[in-house]
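K.L.:
Sequence first, predicted model second:
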Amino acid sequence: MSRKRPQNGADSRPNPKPLMDLSTAYWGSQTLFTAIRLGIFEGLANGPRTSESLARTINTQPHPTQLLLKACVALGLIKEDSIGFSNSDLSETFLVPGTDYYLGNSFRYADDLFSTWGRLQDAVTDGKPAISPETYLGGKKENTTHFVYGMHNRALAIGGAMTKIVDLSGRKKLLDIGGGPGTLSCLFAKRYPDLRAQVLDLPDIVTVAAEIILSMGVSSRVSTIPGDYKKTEFPATNDVVLISGVFHRETEENCRKLMMKASDALADGGMIIIIDIFTDAGNAGPLFSTLFGLNMLLTAEDGGVHADIDVMSWLSECGFENMQITPLPPPMPHRIITGYKDVVLGKA
């Protein structure tokens, strides 16, 4: 049905700019990814440089390099003055390797998935992930390393906030299910000197995690368990079970099963901590969470996203009490759900 122009000459059509911005959004992300891959931000870390000088360092051609740098200037990633190009404060903080807040590995993982998003139609049509999870969970060493270190980079910020929110005072034994790099366990161990933790994840994942745990200086109290959380028996009598970034890979049925396994692995009165990206009730927002659900559709057999209120209900049905939802401070999209094992159920 066509939309007719009003007789007074006014145009009631909505502005198409949001659609135009969406259609070219990947131009900006690919500019960022390419600059990271080429080492542009590392090359500019020591002060302003001309495009010709930088091109010689990163082994690229001068004219295309200048075009890329100018695009980075427009995106706010790089500054330009009469001397040359230099990193913006944003890039200097988050995109220079070796700095405390480096997020480059996280973006390298997103870069690895760039072409995968072009297969979204196939995933929706066929109901199958566009790539095999083994691609980044052990099948390809480079991709697995990007994935685990990317999780580590993000978890440093997430854990910094999380350890201020979640109180583990007096708790001695933590089981970190699907713990990836083990970063959260390490940060809790640093905050609570009497706490010991075990990180359970796939063999190729914990191989990389062991390097990270050692680098964080808590390898005497944080260890790894190679295994599959769906099949591997959990150690018993834990004070805390932490499940981070797992539910978005699983169906409701599998989440419920994991909750019951966690309950069995907890001592009476033990604490469960679930941290993930959740939607609001109804699953239609926030925007990042809904798009993240599509990302998981592309990369995991049962990938998606759950509403936090639904997860609370499942916990209650599994015998947990005193549940609470706590969002992490922006811009982190994660939410923490905590609960406690019902003592009566635990003694049954």
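P.N.:
Arrived safely. Residues are numbered from 1 along each chain as shown.
K.L.:
Do you have the strands of the stretch 201-348 of the chain handy? List them.
P.N.:
222-226, 238-244, 266-276, 320-327, 335-341 (DSSP state E, counting those that start in this stretch).
K.L.:
Kindly reformat these as a markdown table containing mean neighbour count and distance to Gly159.
P.N.:
Where C-beta positions appear, they are placed from N, C-alpha and C, glycine not excepted. Converted to a markdown table, the strands of the stretch 201-348 of the chain look like this (neighbours: other Cβ atoms under 10 Å; distance: least, Cβ to Cβ, whole Å):
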| stretch | mean neighbour count | distance to Gly159 |
| --- | --- | --- |
| strand 222-226 | 21 | 12 |
| strand 238-244 | 24 | 9 |
| strand 266-276 | 21 | 9 |
| strand 320-327 | 14 | 14 |
| strand 335-341 | 21 | 11 |
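K.L.:
how about JSON lines for those, with distance to Ser106 added?
P.N.:
Listed next are the strands of the stretch 201-348 of the chain as JSON lines, based on distance: least, Cβ to Cβ, whole Å:
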{"stretch": "strand 222-226", "distance to Ser106": "22"}
{"stretch": "strand 238-244", "distance to Ser106": "15"}
{"stretch": "strand 266-276", "distance to Ser106": "16"}
{"stretch": "strand 320-327", "distance to Ser106": "20"}
{"stretch": "strand 335-341", "distance to Ser106": "19"}
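K.L.:
who touches Gly217 in this structure?
P.N.:
Residues counted as contacts of Gly217 (Cβ atoms under 8 Å, 6 or more residues apart in numbering) are Lys190.
K.L.:
Mind doing that once more with 6 Å?
P.N.:
Applying Cβ atoms under 6 Å, 6 or more residues apart in numbering to Gly217 gives no contacts.
K.L.:
swap in the one 4 residues further on?
P.N.:
When the contact criterion is Cβ under 6 Å, 6+ apart, the partners of Arg221 are 189, 196.
K.L.:
What pLDDT does the model give it?
P.N.:
You'll see Arg221 listed with a pLDDT of 98.
K.L.:
again, but for Leu137
P.N.:
Looking at Leu137, its pLDDT is 68.
K.L.:
Start from the N-terminal end of the stretch 101-250 of the chain and give the helices.
P.N.:
With helices called from DSSP state H, counting those that start in this stretch, the stretch 101-250 of the chain shows them at 104-112, 120-126, 141-165, 183-191, 203-215.
K.L.:
What average pLDDT does the second one get?
P.N.:
When pLDDT is averaged along helix 120-126, the result is 97.
K.L.:
Report the distance from that helix to the chain centre.
P.N.:
Helix 120-126 has its C-alpha centroid displaced from the chain centroid by 23 Å (Cα atoms, centre = their mean, to the nearest Å).
K.L.:
tally of neighbours for Lys141?
P.N.:
Neighbour count for Lys141, taken as other Cβ atoms under 10 Å: 11.
K.L.:
how near is it to Thr135?
P.N.:
Distance of Lys141 to Thr135, computed by Cβ to Cβ, to the nearest Å: 11 Å.
K.L.:
Please tell me how far the residue lying closest to Gly84 once chain neighbours are set aside sits from Gly39.
P.N.:
Among residues not flanking Gly84 along the chain, Pro48 sits closest, at 4.0 Å (Cβ to Cβ, 6 or more residues apart in numbering). Going from Pro48 to Gly39 by Cβ to Cβ gives 16 Å.
K.L.:
Thanks a lot, see you next time.
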